[in-house]
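Enquirer: Quick one, structure for this:
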Amino acid sequence: MGVEAETGLIFDSEVCKGCKLCEKVCPNRAILVLRNGRGFVLEVGENCSECGLCTDFCFYGALKIKKNGRTGSEFSRMIKEELYQLGLGKVLIDDSKCILCGLCMANCPNHAVKVDRMVDLHKLRRGEITVHGDRCIECRLCVIYCPTKAVSLRGGKPEIDVEKCIYCEICSKICLKDAIEVRCDSCRLQPQKGEYISGEVKVDEEKCSQCGICSEVCPENAITVTKLLSGKKEVDMEKCFGLDCSICREVCPNMAIEYRYSPEKEIVFNHRCNFCGACETFCPGNAIEIDRRLSELLDELPIPFELSSGQNNRRKEIIIDETCFGCGLCASVCPMIKREETVQIVDGKGKVISTEKCTMCGTCLNNCPVGAISLRELG
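Expert: This is a model prediction of the structure:
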């Protein structure tokens, strides 16, 4: 069952990626993350000690812990303190370099970055306006051609709304009787950006997956990302389904997997990998193995970081309803269906053969054009 309590573990199924890293770091093996349709549910055993270690290594903000009126575990506070003493953080923004361009916010896959920008338009749009109302003949050319609708006629005289005016000088240039004079100072004297742009970058560390994409796209090298995990990834290409399969790349939440062909297929992990293990969990050929360990920056902290193997004794269900018309798109994206080891297309309908080799990655149901496929795991 899902957990949505005011205290203890709180689970957000909408952002869970199903990587099951929380299962692996739980010292009591008290957690199960189970596929339920397009999303996931959390089951917590009675042996859960509410240590919060699972929340510290949930890189997508799906798990939080509230205890004694506080959010976050003691481990997370130790991690932050240790990084702070080293002059680091999960995500560190150098305000002296940041230009508030917002590329980090636009490219963050987990919406963990928010850039608040404020522009002082009065400093940006500087100038002076003089109106000679007695010269106006009410031709309305100034009103018609003002790009910001800042000019209006009141009592036979032009009025300019300085909140809208951008000092473009169009009204003064087009006025046949020189009834309006506009001098644009900001057109001639360019102020320093710091004079009219201010703001800050906010990072929700609970949602930050430490993929480093924000640092990668920052044009000023103003962002430093510190990963909590390190290790190595191994791929057994003899088990990999090769050209028939792209599931590891599809399920990676951080776009950390690339394929190269020289000429055989090669799986390459780039620097965005945070060792969450979604690829390992959902690989249908069991070809990927990830060896994780705590970052050397944190290895002296008293964190019970012993990775378990997780829970594998779970039952699975594949349900295909009557809306299936046998298009075979599911087989084109799932090598197990293509091999007829999980599902067969019989007489224009999908028929479940076995669930034994299905990894519940969800690729079939996410690509089914009529939503005929449902997946479910039972703990």
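Enquirer: Run the chain-centre distance for the top helix by length along the chain.
Expert: For the chain, the helix reaching the highest residue count under DSSP state H is reported as helix 74-85. Mean C-alpha position of helix 74-85 versus that of the full chain (C-alpha atoms, centre = their mean, to the nearest Å) differs by 23 Å.
Enquirer: other SSEs contacting the next helix or strand along the chain from that helix?
Expert: Scanning the chain past helix 74-85 towards its C-terminal end, the next helix or strand to appear is strand 91-93 (assignment: DSSP states H and E). Contact partners of strand 91-93 among helices and strands, from 3 or more C-beta pairs under 8 Å, 6 or more residues apart in numbering; DSSP states H and E: strand 197-203, strand 223-225. From N, CA and C alone the C-beta is placed, and that goes for glycine too.
Enquirer: ranking these by mean pLDDT, which is last?
Expert: Within the helices and strands packed on strand 91-93, the least confident segment by mean pLDDT turns out to be strand 197-203, at a mean of 90.
Enquirer: residues in contact with the next helix or strand after it?
Expert: Beyond strand 197-203 in the direction of the C-terminus, DSSP H and E gives the next helix or strand as helix 213-217. For helix 213-217, the surrounding residues in contact (C-beta atoms under 8 Å, 6 or more residues apart in numbering) are 91, 103-104, 107-109, 113, 221, 223-225, 254-255, 271-272.
Enquirer: repeat for stretch 325-340
Expert: Stretch 325-340 is contacted by residues 241, 244-247, 250, 284-285, 342-343, 345, 347-350, 353, 357-358, 363-364, 367-370, 373 when judged by C-beta under 8 Å, 6+ apart.
Enquirer: for stretch 297-316, the distance to its chain's centre please.
Expert: The gap between the average C-alpha position of stretch 297-316 and the chain average comes to 24 Å, counting by C-alpha atoms, centre = their mean.
Enquirer: end to end, how far does that stretch reach?
Expert: Looking at stretch 297-316, the gap from its leading to its trailing residue is 40 Å under the measure C-alpha to C-alpha, to the nearest Å.
Enquirer: who's in contact with the helix or strand Cys22 falls within?
Expert: Taking DSSP H and E as the definition, one finds Cys22 inside helix 21-25. Taking C-beta under 8 Å, 6+ apart as the criterion, the residues outside helix 21-25 that touch it are 29, 31-33, 53-59, 63, 275-277, 292, 305, 307-311.
Enquirer: What subset of these is buried?
Expert: For the contacts of helix 21-25, a burial check counting by 16 or more other C-beta atoms under 10 Å picks out 31-33, 53-59, 63, 275-277, 292, 305, 307, 310-311.
Enquirer: In strands only, show me those.
Expert: Among the buried ones among the contacts of helix 21-25, the members falling in strands are Ile31, Leu32, Val33, Leu63, Arg292 (criterion: DSSP state E).
Enquirer: Show me how the chain divides into domains.
Expert: Using automatic domain parsing, the domains assigned to the chain come out as 8-85, 91-119+194-225, 127-188, 230-294, 315-378.
Enquirer: Can you pull up the most central residue in the protein?
Expert: Centroid check for the chain by C-alpha atoms, centre = their mean gives Asn110 as the closest residue, at 1.5 Å.
Enquirer: what residue ranges in the stretch 1-150 of the chain score low on pLDDT?
Expert: In the predicted model of the stretch 1-150 of the chain, residues 1-7, 121-124 satisfy pLDDT under 70.
Enquirer: Which parts of it are helices?
Expert: Counting by DSSP state H, counting those that start in this stretch, the stretch 1-150 of the chain forms helices over residues 21-25, 53-56, 74-85, 103-107, 121-124, 141-145, given from the N-terminal end onward.
Enquirer: And those: which comes nearest Cys211?
Expert: Shortest distance between Cys211 and the helices of the stretch 1-150 of the chain, using C-beta to C-beta, is found for helix 103-107: 9.8 Å.
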